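Trainee: with the sequence up front, the predicted model follows.
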Amino acid sequence: MGKSTPFRNGPRRIDIDVVLYGQRQVLESGLIVPHPRMHGRRFVLEPLAEIAGRAIHPGLRRSVARILAELRPGESVRPWGAWVSEGR
(Lines give C-alpha, C1' and ligand atoms only; values in the text may rest on other atoms or scores of the structure.)
Protein backbone atom coordinates (compact mmCIF):
# COMPACT_ATOMS: atom_id res chain seq x y z
CA MET A 1 0.00 0.00 0.00
CA GLY A 2 3.03 2.24 0.16
CA LYS A 3 4.02 4.69 2.81
CA SER A 4 2.76 8.18 2.21
CA THR A 5 2.72 10.31 5.33
CA PRO A 6 2.98 14.07 5.70
CA PHE A 7 5.78 13.72 8.28
CA ARG A 8 8.19 11.13 9.77
CA ASN A 9 6.35 8.45 11.78
CA GLY A 10 3.03 9.97 10.76
CA PRO A 11 -0.20 7.99 10.43
CA ARG A 12 -0.35 5.28 7.77
CA ARG A 13 -3.20 3.56 6.02
CA ILE A 14 -1.85 0.22 7.23
CA ASP A 15 1.26 -0.70 9.19
CA ILE A 16 2.28 -4.30 9.66
CA ASP A 17 5.69 -5.06 11.12
CA VAL A 18 6.86 -8.65 10.73
CA VAL A 19 9.04 -9.03 13.78
CA LEU A 20 10.09 -12.68 13.38
CA TYR A 21 9.24 -15.47 10.96
CA GLY A 22 10.58 -18.60 12.61
CA GLN A 23 14.32 -18.78 12.05
CA ARG A 24 14.08 -17.26 8.58
CA GLN A 25 15.87 -14.12 7.53
CA VAL A 26 14.29 -12.25 4.64
CA LEU A 27 15.82 -9.35 2.76
CA GLU A 28 13.62 -8.29 -0.12
CA SER A 29 12.46 -4.99 -1.52
CA GLY A 30 10.01 -3.66 1.04
CA LEU A 31 10.44 -6.54 3.51
CA ILE A 32 13.17 -7.21 6.05
CA VAL A 33 12.71 -9.99 8.62
CA PRO A 34 13.53 -9.98 11.46
CA HIS A 35 12.51 -6.37 11.85
CA PRO A 36 15.78 -4.41 11.69
CA ARG A 37 15.14 -2.40 14.87
CA MET A 38 13.19 -4.86 17.02
CA HIS A 39 16.17 -5.59 19.27
CA GLY A 40 16.19 -2.00 20.53
CA ARG A 41 12.47 -1.53 21.05
CA ARG A 42 11.12 -2.39 24.47
CA PHE A 43 7.54 -1.92 23.23
CA VAL A 44 8.17 -4.83 20.84
CA LEU A 45 10.29 -7.03 23.09
CA GLU A 46 8.22 -7.00 26.30
CA PRO A 47 4.99 -8.36 24.81
CA LEU A 48 6.94 -10.74 22.55
CA ALA A 49 8.85 -12.08 25.56
CA GLU A 50 5.55 -12.78 27.31
CA ILE A 51 4.38 -15.08 24.53
CA ALA A 52 7.65 -16.27 22.99
CA GLY A 53 10.55 -15.47 25.31
CA ARG A 54 12.50 -18.50 24.07
CA ALA A 55 12.22 -17.51 20.41
CA ILE A 56 15.67 -16.99 18.93
CA HIS A 57 16.55 -13.94 16.87
CA PRO A 58 18.21 -15.56 13.84
CA GLY A 59 20.71 -12.75 13.28
CA LEU A 60 21.69 -12.12 16.90
CA ARG A 61 21.38 -15.80 17.91
CA ARG A 62 19.94 -14.82 21.29
CA SER A 63 16.53 -15.39 22.79
CA VAL A 64 13.96 -12.61 22.90
CA ALA A 65 14.06 -12.79 26.72
CA ARG A 66 17.84 -12.31 26.74
CA ILE A 67 17.71 -9.42 24.28
CA LEU A 68 15.09 -7.77 26.48
CA ALA A 69 17.18 -8.34 29.62
CA GLU A 70 20.19 -6.71 27.94
CA LEU A 71 18.21 -3.66 26.82
CA ARG A 72 19.12 -0.47 28.63
CA PRO A 73 16.51 0.94 31.02
CA GLY A 74 14.43 3.74 29.65
CA GLU A 75 11.28 3.59 27.63
CA SER A 76 8.38 1.93 29.41
CA VAL A 77 5.56 -0.03 27.89
CA ARG A 78 1.98 0.86 28.75
CA PRO A 79 -1.14 -1.07 27.80
CA TRP A 80 -3.22 0.45 25.02
CA GLY A 81 -5.99 1.34 27.49
CA ALA A 82 -3.61 3.69 29.31
CA TRP A 83 -3.12 5.70 26.11
CA VAL A 84 -6.85 5.85 25.44
CA SER A 85 -7.67 7.05 28.97
CA GLU A 86 -5.08 9.84 28.56
CA GLY A 87 -6.96 11.05 25.50
CA ARG A 88 -4.29 10.16 22.93
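Mentor: Sure thing, it's come through. Since the structure is predicted, the reported quantities are computational estimates derived from the model, not experimental observations. Residues are numbered from 1 along each chain as shown.
Trainee: how about the closest residue to Ile56 other than its chain neighbours, what does it touch?
Mentor: Among residues not flanking Ile56 along the chain, Ser63 sits closest, at 5.7 Å (Cβ to Cβ, 6 or more residues apart in numbering). In short, each C-beta sits where N, CA and C put it, glycine included. Ser63 makes contact with Gly53, Arg54, Ala55, Ile56, His57 under the criterion Cβ atoms under 8 Å, 6 or more residues apart in numbering.
Trainee: distance of Ser63 from Ile32?
Mentor: Distance from Ser63 to Ile32, counting by Cβ to Cβ, to the nearest Å: 20 Å.
Trainee: for the residue nearest to Ile56, grab phi and psi.
Mentor: Main-chain dihedrals, Ser63, degrees, to the nearest 10: phi -70, psi 160.
Trainee: got a pLDDT number for it?
Mentor: Ser63 is assigned a predicted lDDT (pLDDT) of 96.
Trainee: now the helices for the protein?
Mentor: Assigned by DSSP state H, the helices in the chain fall at 42-52, 64-70, 80-85.
Trainee: next one: Gln23 from Arg37, what distance?
Mentor: From Gln23 to Arg37 the distance is 19 Å (Cβ to Cβ).
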